[in-house]
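Asker: Next comes the sequence, and after it the predicted model I'd like to discuss.
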Protein chains: 2
Amino acid sequence: MIIGVIGGGQLARMLAMAGHPWAHRFVFLDPAPDACAGPLGELITAPYDCERALLQLAEQTDVVTFDFENVPARSLEFLAGRVPVYPGARALGVAQDRLHEKALFHELGMATADFVAVAGAAALPRAVAELGLPAVLKTRTQGYDGKGQWLLRGPEDVAAAGRALGDQLALLEKLVPFDREVSLIAVRGRDGAVACYPLSENTHRDGMLHTTVCRPGDALQAVAEAQTHRLLDALDYVGVLAVEFFQVGTELLANEFAPRVHNSGHWTIEGAETSQFENHLRAILGLPLGSTRARGAHAMLNLIGAMPDAARVLAISGAHLHDYGKEPRPGRKVGHITIACPEQGLALPLELLAL
Amino acid sequence: MIIGVIGGGQLARMLAMAGHPWAHRFVFLDPAPDACAGPLGELITAPYDCERALLQLAEQTDVVTFDFENVPARSLEFLAGRVPVYPGARALGVAQDRLHEKALFHELGMATADFVAVAGAAALPRAVAELGLPAVLKTRTQGYDGKGQWLLRGPEDVAAAGRALGDQLALLEKLVPFDREVSLIAVRGRDGAVACYPLSENTHRDGMLHTTVCRPGDALQAVAEAQTHRLLDALDYVGVLAVEFFQVGTELLANEFAPRVHNSGHWTIEGAETSQFENHLRAILGLPLGSTRARGAHAMLNLIGAMPDAARVLAISGAHLHDYGKEPRPGRKVGHITIACPEQGLALPLELLAL
């Protein structure tokens, strides 16, 4: 089979690596000529909404998926009828708008932080008055890795965020004093079968995921799975999806979902019976889903800005190094490390934490 | 890094898949324009001894290795000084000649089946008289997957084998009534560090490997490791090497070694902490070797001639499918399946055995 991927970043790259053992080939569509997935398949260099490029993608491939959620919805609409596309346009559309996303969570009985819609900077003071501070202002669209978000603690923050927001539509969310951030990676097949990985616990730094630790047997696993199962069914979803939750006491508040393979699921490459990437391919190809069983506890460390010395990492017993082949640049995700970790205590060896 | 591989078969293909997570690129040299590793890197289509192609390989790559043992020794000699090549020409030379191979085994105190050298068909009757029947006649060079071998039980077999042998140099080996065939996959780094995987038990069919079962904790592990360690040191070997043994009672008889990653080590992709392919790359790149610990017992089934229906295989819990992307052809290795298996009892689910 030839699989098309809109987006040619590290997620597309790891999808291709999961497909190579089955002899599948990949075509990526990305505006960047140095998109890091490029060397693992054919790269069409064009904007995501270029109809000529989309037509070429549809003609060359048997099925199309995407590796990030800011693909223009109309690109998927253009492909519809020309080639099967999974996940579908509805899941993408909901994920692209934080207001629709939160509304769907509520519809499905998933608790969230309190929030109000904000129709641009002019509406911000009233929203702040209604919800109180501290709060987080988030643009309804185009946010990722902490971009398009402002933490509001006092009037100066409100004024500055208002200037940055301009007339963009936004959401003001009550700042949740959470105990943990966790994510559930789930997959749904074309036949409606659902499988979930053990919950991952995530730590962010500067708005970007820094470490993920997965220790199977989390007390909140069943709750997270039940909620996510409802979400997948409601969206008639096909493929891997990640839901991020805040844990407050024993309650989970749904924060957002990503209609794609997810950074907090990278540990599944070595740490699970079937990786999230393989399961995404199984789902979109209509194959039976693979076991999501974890091989014990695992930790993942994102490598941001530059790669460490490979020999130093690989000298740590059980460390698995992933280099996305990207030019180093401050704040850029250039790779990650996975390592098996104890069921209790420190998740990462001190050598890794010091990288 | 850019890694050159002489040979572009499934072993080269799996080496490339092990190198992609580290952002390495691959250049393959193979006479077949449809060599199955081709889609995972750049393919130079030329005979193995084409100096122009070898020069191109040396210029384009940082290090060169090979994926089968019948690469002409003079190709490695030509590359020497132009680009680092691992394993070296000496290991390849010994592995290419069954007489030199057996002589080295004896030199290192490794027991083998009794054998005599046979200088062509004319010398065969005398060799048969000396060694007795049943015996196996093997050409000294160019044999693999049972090719260049004849089982001799009576005078008719001797006559027929003599006609097929002609003036080729050969070895006549006493047929060993072995209890098991096992293989040890080992790796030696550029610094001389050695690591061994748990012994694999192999079953052949029509001269080709059919199934491999690895159950860690084999009683003969220490003996096999000690012998293989001596062999690796004697050859100043760098990379992965496989030694095949016959087990007779509690004794191991060394049969042959392969100076490369090996079919009986394919289970390590999912079944070991570090795959044989990753460890070969670690070795030739001068990186620390990875853990060879097995994640429990595993079985591997070769897919010969044609691929089964993927959905049927993937419906079996824990089955991992590998498709080499080759045209189906009788007797051709086109893929394999790995599955975790019980420590005792049947290694492969009945569904797999029926494929």
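Answerer: On my side now, so go ahead. Residues are numbered from 1 along each chain as shown, chains lettered A, B, ... in the order given.
Asker: How far does stretch A:87-98 sit from its chain's centre?
Answerer: When distances are taken as C-alpha atoms, centre = their mean, to the nearest Å, stretch A:87-98 is centred 13 Å away from the chain's centroid.
Asker: Please apply the same query to stretch A:300-313.
Answerer: That offset, for stretch A:300-313, works out to 21 Å (C-alpha atoms, centre = their mean).
Asker: what does stretch A:83-90 give?
Answerer: That offset, for stretch A:83-90, works out to 17 Å (C-alpha atoms, centre = their mean).
Asker: in stretch A:330-338, what counts as buried?
Answerer: Residues A:Lys333, A:Val334, A:Gly335, A:His336, A:Ile337, A:Thr338 are the ones in stretch A:330-338 that count as buried (16 or more other C-beta atoms under 10 Å in any protein chain shown). C-beta: built from backbone N, CA, C; applies to glycine.
Asker: Tell me which two of the residues you listed sit farthest apart.
Answerer: Put simply, by C-beta to C-beta the two of those set farthest apart are A:Val334 and A:Thr338, 15.2 Å from each other.
Asker: Name the nearest of the buried residues of stretch A:330-338 relative to A:Gly7.
Answerer: Using C-beta to C-beta, the buried residues of stretch A:330-338 come closest to A:Gly7 at A:Lys333, 13.7 Å.
Asker: Contacts for the top helix by length along chain A next, please.
Answerer: Longest helix in chain A by number of residues (criterion: DSSP state H): helix A:221-234. Residues from elsewhere that reach helix A:221-234 (C-beta atoms under 8 Å, 6 or more residues apart in numbering or on different chains): A:104-105, A:107-110, A:182, A:184, A:186, A:188, A:192, A:194, A:196, A:198-199, A:218, A:237, A:241, A:243, A:245, A:252, A:254, A:257.
Asker: Which positions in that helix come out as buried?
Answerer: A:Gln221, A:Val223, A:Ala224, A:Glu225, A:Gln227, A:Thr228, A:His229, A:Arg230, A:Leu231, A:Leu232.
Asker: Next: stretch A:110-121.
Answerer: So for stretch A:110-121, counting by 16+ other C-beta under 10 Å, buried means A:Met110, A:Thr112, A:Ala113, A:Phe115, A:Val116, A:Val118, A:Ala121.
Asker: Identify the residues contacting it?
Answerer: The contact list for stretch A:110-121, computed with C-beta under 8 Å, 6+ apart, reads A:99, A:102, A:105-106, A:124, A:127, A:130-131, A:137, A:140, A:162-163, A:165-176, A:227, A:230-231, A:246, A:251-255.
Asker: got it, and stretch A:32-40?
Answerer: With contact meaning C-beta under 8 Å, 6+ apart, stretch A:32-40 is reached by A:5, A:7-10, A:12-13, A:15-17, A:20, A:26, A:28, A:30, A:43, A:45, A:67, A:324-327, B:20, B:25, B:40.
Asker: Return the distance of that stretch from the chain's centre.
Answerer: How far stretch A:32-40 lies from its chain's middle: 20 Å, per C-alpha atoms, centre = their mean.
Asker: likewise stretch A:36-55?
Answerer: The answer for stretch A:36-55 is 21 Å, by C-alpha atoms, centre = their mean.
Asker: give me the low-pLDDT residue ranges for chain A?
Answerer: Along chain A, the model assigns pLDDT under 70 to residues A:144-146.
Asker: residues from it in reach of chain B?
Answerer: Counting by C-beta under 8 Å from any C-beta of the partner chain, chain A comes close to chain B at A:17, A:20-23, A:25, A:39-40, A:269, A:273, A:282, A:286-288, A:290-291, A:295, A:310-311, A:314-315, A:317-318, A:320-325.
Asker: which ones among the contacts of stretch A:32-40 are found in strands?
Answerer: Among these, the members found in strands (DSSP state E) are A:Val5, A:Phe26, A:Phe28, A:Asp30, A:Leu43, A:Thr45, B:Arg25.
Asker: What's opposite A:Leu137 in the beta bridge?
Answerer: A:Leu137 has the following beta-bridge partners by DSSP bridges: A:Trp150, A:Leu172.
Asker: okay but it is in contact with A:Arg163, surely?
Answerer: No: with contact defined as C-beta atoms under 8 Å, A:Leu137 does not reach A:Arg163; the gap is 11.6 Å.
Asker: quick revisit: write the PyMOL selection for whichever of the residues of chain A next to chain B are buried.
Answerer: The PyMOL command for the buried members of those (criterion: 16+ other C-beta under 10 Å) is given here:
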select buried, chain A and resi 17+20+21+22+23+25+39+40+269+273+282+287+288+290+295+310+314+318+320+321+322+323+324+325
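Asker: before we move on, back to that, mark which of the contacts of stretch A:110-121 are buried, thanks.
Answerer: Buried among those by 16+ other C-beta under 10 Å: A:99, A:102, A:105, A:124, A:127, A:131, A:137, A:140, A:162, A:165, A:168-174, A:176, A:227, A:230-231, A:246, A:252-255.
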